[in-house]
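Colleague: my questions concern the predicted model and sequence given below.
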Amino acid sequence: MAKFGELISSGIPVLIDFYADWDENSDVAHNILRDVAAALGDKAKVIKIDIDKNETLANALRIKGNPTFIIYKEGEMKWRQSGNQDANTLISLVQQYV
């Protein structure tokens, strides 16, 4: 959890995708996130966290839906949504906090 605190305390926005490998949409979401990361470049971080491998963190954040996207900036949660999102929506959301 200490590493997570360091991760989200960045001065640039951090988009996190909480996902599970067993989800059939995982590959689609991975491609979308790759597009989002490419579009944002060094203006934001885009990170995927497997909820099965990080169960304590997922429980602490009350991650129930899969996927769940969260945007943090300077340690503060700015936006959160469960369910699939398209690349343009995620890019627009993150750019609000750049």
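Modeller: Great, that's in hand. Numbering: from 1, shown residues only.
Colleague: give me the element H30 is part of.
Modeller: helix 26-40 (DSSP states H and E).
Colleague: quick one: average pLDDT of that helix?
Modeller: Average pLDDT, helix 26-40: 88.
Colleague: same question for stretch 5-12.
Modeller: Per-residue scores along stretch 5-12 average to 92.
Colleague: now do the buried residues in it.
Modeller: By neighbour count on 16 or more other C-beta atoms under 10 Å, the buried set for stretch 5-12 is I8. Where you see a C-beta, it was placed from the backbone N, CA and C, and this is true even at glycine.
Colleague: what do you get for stretch 54-69?
Modeller: Buried, per 16+ other C-beta under 10 Å, within stretch 54-69: 54, 57-58, 61, 63, 66-69.
Colleague: then stretch 81-98?
Modeller: Result for stretch 81-98 [16+ other C-beta under 10 Å]: buried residues 85, 87, 90-91, 93-94, 97.
Colleague: kindly report the same for stretch 31-51.
Modeller: In stretch 31-51, counting by 16+ other C-beta under 10 Å, buried: 32-33, 36-37, 39-40, 44-47, 49, 51.
Colleague: identify the farthest-apart pair in the residues you listed.
Modeller: A39 and I51 (25.0 Å; C-beta to C-beta).
Colleague: and V36, what is it in contact with?
Modeller: 15, 46, 87, 90-91, 94 (C-beta atoms under 8 Å, 6 or more residues apart in numbering).
Colleague: in strands only, show me these.
Modeller: The strands, defined by DSSP state E, take in 15, 46 from the contacts of V36.
Colleague: from the contacts of V36, which is closest to G75?
Modeller: Using C-beta to C-beta, the contacts of V36 come closest to G75 at L15, 14.7 Å.
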